[in-house]
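> Any chance you can model this:
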Amino acid sequence: MQRSEEKALTRIQKVIKNTALAVSISLGVWSQSEVATAQTSLSDAPLNFAVRSTSRFCRSNLESAIDAIVKNPRFRNARWGILIKPIETPAILYQYNPNSSLIPASNVKLLTTAAALKIASTNNPQTIPSFSNWVTEVNRYSDNNRADALRRRIGGQAAIRNALELLGVNAQSYAQVDGSGLSRNNRATPSALVALLEGMFTNDSSGLFYRSLAVAGVNGTLQNRFRNTPVQGQFHGKTGTLRGVRALSGYLDNPNYGTIALSIVVNQPGQSGQVLVQAIDQIVLKTAQVDRCD
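Have a look, this model is predicted:
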């Protein structure tokens, strides 16, 4: 066998081995010691989080499946914050540092738009339709200028804080310095973002907030994500992007758990944005597939 053929065969064998290891880890069928050993073997392998699987698995396996993603050696220096919670039941499907204060990037826009709609519905309900284009441009297409202008229009940070408290969002769980999320001085916890999502799901009778969000695989900033997967058309959310920061918060429709509110934020300076997005998308896909298995 020629040397070039030998090298090609070695590469193929390595890919097969790494793929088998990754699948076993993601299914949560190994012990912690076996996972640690496997992850060491995978530490230098390219991340390949497939998002086309249609298999379902039980809730009891969800924790190990997501842990295998966030604890991959590639993310050893990352700061993750995750909260995944069905709206109609008190159960939490998954949480990982849900009260960590992280840079949320454009997920800050959710604070701005939710507050704007709450203020309008409380003070002058007939003006809500006039906010439609603004809120959609801010949430679905992540328009930074409109987000900052909207923050000023509704009275600044004091007005936002008061409105969000009425929605059940603790003022200590976030620090907002602009309307858009461009500043790295913004901070938010996944718990704050999920509380906001729950509050708007219950209180926004107009439905404008939900409709303003990008739809996975369909439009806005999510148009090219989750295509040809079980998540396409089933997730309404807001992306967040800065250098070394990726975030995704929104509503996921699950046939077994109804509407799920989730927030996933990761801060890792120096990490590839593509790698961070792949990991987030795999977490969402696994959540979409989780079954009660009753």
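> Figure out how far the helix or strand where residue 202 lies is from the centre of its chain.
Following DSSP states H and E, one finds residue 202 within helix 190-203. Computed by CA atoms, centre = their mean, to the nearest Å, the chain-centroid distance of helix 190-203 equals 14 Å.
> List the buried residues of that helix.
190-201, 203 (16 or more other CB atoms under 10 Å). (Each C-beta comes from the backbone N, C-alpha and C, glycine too.)
> How about stretch 262-272?
Residues 262-268, 271 are the ones in stretch 262-272 that count as buried (16+ other CB under 10 Å).
> what mean pLDDT does the host helix or strand of residue 158 have?
Per DSSP H and E, residue 158 falls inside helix 156-166. Average pLDDT, helix 156-166: 97.
> what's the angle between that helix and helix 190-203?
Between helix 156-166 and helix 190-203, the angle comes out at 70 degrees (axes from the mean of the first three to the mean of the last three CA atoms, to 10 degrees).
> Mind listing residues that contact helix 156-166?
111-112, 114-116, 118-119, 122, 151, 154, 171, 176-177, 196, 199 (CB atoms under 8 Å, 6 or more residues apart in numbering).
> The helix or strand following it - which strands sit beside it in the sheet, and in what orientation?
Using DSSP H and E, the helix or strand that directly follows helix 156-166 along the chain is strand 174-175. With DSSP bridges as the test, strand 174-175 is paired with strand 187-188 (antiparallel).
> any idea of the mean pLDDT for the strand it pairs with?
Averaging pLDDT along strand 187-188 yields 98.
> what does that strand contact?
Contacts for strand 187-188 (CB under 8 Å, 6+ apart): 101-104, 107-108, 111, 173-176, 265.
> do that again at 10 Å, thanks
81, 100-105, 107-108, 110-111, 169, 173-177, 181, 196, 240, 247, 249, 263, 265 (CB atoms under 10 Å, 6 or more residues apart in numbering).
> Next step: those residues restricted to helices.
108, 110-111, 196 (DSSP state H).
> before we move on, back to that, and of the buried residues of helix 190-203, the nearest to residue 278?
residue 190 (19.2 Å; CB to CB).
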